[in-house]
Structure formats: structure tokens, C-alpha cells
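Participant: sequence first, predicted model second:
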Amino acid sequence: MTATHAARDTATMLRRNLRHMQRYPGVPLMMVFLPVMFLLLFVYVFGATLGNGLGHGLGGRGVYVNYVSPAIILLTVASSATATAVG
């Protein structure tokens, strides 16, 4: 019985959140596209330059991607938490 109630409550909350996202389409779009845009910007635009300062002769875009990826993941988690708080 408890699993059935939990599944029904989850479905109800999902339906409500999807209806809210229809009213405010900017929140999910920013939640998805902002981290992607930051990753593309920092890796492909600034990656070669900033990556050269990281390694001792090993710098470049490949080294910088490993350096900046955890920050982008944290940004994604923070924007998801913000969207959840707003919802």
C-alpha cells in the first residue's frame, strides 16, 4: 500500500510541476542551456589560453576541460536546486 501511495503522489507532483513549467518556460530552459553554454564558452573560447596556465608544459584545452567540468556540474546542481525552490 505504501509504495502505491508514493507512486501516486509522485505522479501528482510531476503533473503539477509540468503544468508550472508550461507557464514559466524560461526556468527549465535556463536550467538546461546555461551550464551547456558556460561549458562551451569556457572550453572552446577560453580553453586553450586558460589551459596553458594549468599544467607545466601539459596545458591546453584537454587539461582545462578536466579542470572546469566539476564547476559546471556544481552550476547545474545549483540551478536545479533553484528551479526546485521556485517550483
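Facilitator: Thanks, I have it.

Participant: what is the longest helix anywhere in the chain packed up against?
Facilitator: Ranked by residue count, the top helix of the chain under DSSP state H comes out as helix 61-86. Using 3 or more Cβ pairs under 8 Å, 6 or more residues apart in numbering; DSSP states H and E, the elements in contact with helix 61-86 are helix 26-40, helix 47-52. Placement of C-beta: from N, CA and C, glycine included.

Participant: winner for burial among those?
Facilitator: Neighbour counts (mean count of other Cβ atoms under 10 Å) averaged over each of the helices and strands packed on helix 61-86 peak at helix 47-52, with a mean of 17.

Participant: gap between residue 42 and residue 65?
Facilitator: 9 Å (Cβ to Cβ, to the nearest Å).

Participant: what do you get for residue 74?
Facilitator: Where residue 65 is concerned, residue 74 sits at a distance of 15 Å (Cβ to Cβ).

Participant: may I ask which helix or strand of the protein has the lowest mean pLDDT?
Facilitator: Between all helices and strands in the chain, the lowest mean by mean pLDDT, DSSP states H and E belongs to helix 47-52, at a mean of 72.

Participant: excluding chain neighbours, what is closest to the spatially most central residue of the chain?
Facilitator: When Cα atoms, centre = their mean is applied to the chain, the residue found nearest the centroid is residue 76 (2.4 Å). Nearest non-adjacent residue to residue 76, counting by Cβ to Cβ, 6 or more residues apart in numbering: residue 35, 4.4 Å away.

Participant: mind giving me the packing neighbours of the least confident helix or strand of the chain?
Facilitator: Counting by 3+ Cβ pairs under 8 Å, 6+ apart, helix 47-52 packs on helix 61-86.

Participant: tell me which residues of the helix it packs on are tucked away?
Facilitator: Buried residues in helix 61-86, defined by neighbour count with 16 or more other Cβ atoms under 10 Å: 63, 64, 65, 67, 68, 72, 76, 79, 83.

Participant: contacting residues for the second one?
Facilitator: Applying Cβ atoms under 8 Å, 6 or more residues apart in numbering, one finds that residue 64 lies in contact with 42, 43, 46, 47, 48, 50, 51, 54.

Participant: how about 7 Å then?
Facilitator: 43, 47, 50, 51, 54 (Cβ atoms under 7 Å, 6 or more residues apart in numbering).
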